[in-house]
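S.K.: predicted coordinates and the sequence they were generated for:
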Amino acid sequence: MTEGENPDANRSPNVPPDVLEVVAKLMRPEYLGEGGLLVGRPQISAIFKGRRFVAVGSRIYHDLPPEVTFHEFIVMFLKDILGREWGLAERSKPLEDRHPILQWLSALAERQKAPPTAIHGAVREVEHTGSTLALLALAYDVYSIYHCAELPESLIKRLKQPAQFQGAKYEIAVAGLFARAGFTISWIDDSSRKRPEFLATHKTTGERLLVEAKSRHRPGVLTRPGPVDVGEMKADLGRLLKAALEKERDGLAYAIYLDANLPMTERDDPRTRAWVKDVEKMLDAFQEGTPTRPDPFTAITVTNFSWHYVGNTPEPGKSESLLILPRYPEAPLKDPRTIELIFEAANQYGAVPPEFPKD
C-alpha cells in the first residue's frame, strides 16, 4: 500500500456485515475453524429426514440421532475403529484389568450420570475429569487423522496391545496435531532403515517435515508394571532425544516430539515448571549447532499430555508444551507460518469441539 492510500477505498460501501462475515469465512483456510481453532478439515454433518448424517474421510454414518453431540460421536467412532469384538472381550474383564481405553469409557459412563453443570435443550453438560479428557483427546486424534489422512492398521493394532499402547497413543496424538494444523500425512513403513514415523506436507506453505514421536515410560503408568512414584519423577528425556537424532532424515526438515508423561503442574509460567528445567539441562548436555555444523533437527516439541494421572478428578488442567528451535538448523523452514501452526496445534491439544456446527 502506498503512502496516503485509503485501505477501504476498494471496499463496497453498502456490503452488510453478515455478508462480509461470510466472505471472510470463505477466504479462511479449511484447517482453521471458528475462533482460531485448528480443525484440519471442517466437520461434515447434516440432518436429513430427522436423522443426522456424518462423513469422516470416506466413511459415512447415516442414521444417528439428531441430538447426538460431537463428543458422543467421536467416542462412538473410536469404538468403531477399535472393533466391537475387542471391546466386548475387554469389558468381560474386571475393571482394573481392562485396557486403559475401556477404563476411560467406564469413567465416562459414570461421569454422564453426574448432575449437569448446564442443560442446552437435549444436551447435558458435565465437568471433565482426567479420564474423560484423556479419552476425548484420543478419540479426537483418531477422528482427525481419518478425516484428513489415513491411519495404518498396524498402529491401531498397537493401540489395542497394552504393552504398546503408550507409544502408539502418542504417535497418533502427534499425527492428530499435524492433521489439524493443515498437513497431509504420509506414514513411513520401511523396516530396512531407521526412519521417523511420517512425512508431513502443509497444504498452504508446501513445506515438508519428517516427524518423530517418542513418549517417556514410567513405572505404574499407562500399563507399565511397577509402583507409581510421583515424588522421584524427572523429565529424563535424554535417551529418547538421542534415539530420535539417530533417525535418517534424507536432508528434510525434521520435527521431534517428546512426551514427558509427568503429572501436570498448576503453574501458569512454563519456565517455573520442574520438567522445563530438566529439559533445559538435557539440551545443555548436547553440543549446540554452529554455521559449519548445524543441528540435525528443525524443531523439538516437548509435551506433557498426561490427564491420565488425575483419573476421575474434575478440572484436570491444560496440556503443556514447549517448543525448542535451534539457531542453526540443518534443514530450516522457509515459511514462518509452518512453525506457528505446529506450535499452536500443540497448545490447543485437548480442545475438542463439543458439538456439531449448527444446521
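M.R.: That came through, no problem. Residues are numbered from 1 along each chain as shown.
S.K.: in stretch 244-260, what counts as buried?
M.R.: Applying a neighbour-count criterion of 16 or more other C-beta atoms under 10 Å, one finds 244-245, 247, 249, 252-260 buried in stretch 244-260. C-betas here are computed from N, CA, C, even on glycine.
S.K.: same question for stretch 195-208.
M.R.: If you call a residue buried by 16+ other C-beta under 10 Å, then stretch 195-208 has these buried ones: 195, 196, 197, 198, 199, 200, 202, 205, 207, 208.
S.K.: please apply the same query to stretch 65-83.
M.R.: Counting neighbours by 16+ other C-beta under 10 Å, one finds that the buried residues in stretch 65-83 are 68-75, 77-79, 81-82.
S.K.: cool, stretch 221-235 as well?
M.R.: With burial defined by 16+ other C-beta under 10 Å, the residues of stretch 221-235 counted as buried are 221, 222, 233, 235.
S.K.: farthest-apart pair in those residues, please.
M.R.: Largest separation among those by C-beta to C-beta: 222 and 235, giving 16.5 Å.
S.K.: the nearest residue in space to residue 193 that is not next to it in sequence in helix, strand or coil?
M.R.: Closest residue to residue 193 in three dimensions, ignoring its sequence neighbours and counting by C-beta to C-beta, 6 or more residues apart in numbering: residue 248, at 5.4 Å. Three-state assignment for residue 248 (DSSP: H, G, I helix; E, B strand; the rest coil): coil.
S.K.: residues in contact with residue 248?
M.R.: Residues near residue 248 by C-beta atoms under 8 Å, 6 or more residues apart in numbering: 193, 194, 195.
S.K.: and the helices in this structure?
M.R.: With DSSP state H, the ranges of helices along the chain come out as 17-27, 70-82, 84-91, 100-111, 130-148, 153-160, 165-180, 238-245, 274-284, 336-347.
S.K.: mean pLDDT lowest for which of those?
M.R.: Ranked by mean pLDDT, those bottom out at helix 17-27, with a mean of 48.
S.K.: quick check: closest non-adjacent residue to residue 237.
M.R.: For residue 237, the nearest residue in space outside its immediate sequence neighbours is residue 258; the separation is 4.9 Å by C-beta to C-beta, 6+ apart.
S.K.: quick revisit: what's the closest of the buried residues of stretch 65-83 to residue 186?
M.R.: Distances from the buried residues of stretch 65-83 to residue 186 were compared by C-beta to C-beta; the smallest belongs to residue 81, at 20.1 Å.
S.K.: tell me the average confidence for stretch 349-359?
M.R.: The predicted model assigns stretch 349-359 a mean pLDDT of 89.
S.K.: make residue 1 into 24 and carry on from there
M.R.: Shifting the count to begin at 24 puts that one at stretch 372-382.
S.K.: one step back: what is the nearest of the contacts of residue 271 to residue 125?
M.R.: Of the contacts of residue 271, the one sitting nearest to residue 125 (C-beta to C-beta) turns out to be residue 218, at 32.6 Å.
S.K.: distance check, the closest one against residue 275.
M.R.: Spatial separation of residue 218 from residue 275 under the definition C-beta to C-beta, to the nearest Å is 11 Å.
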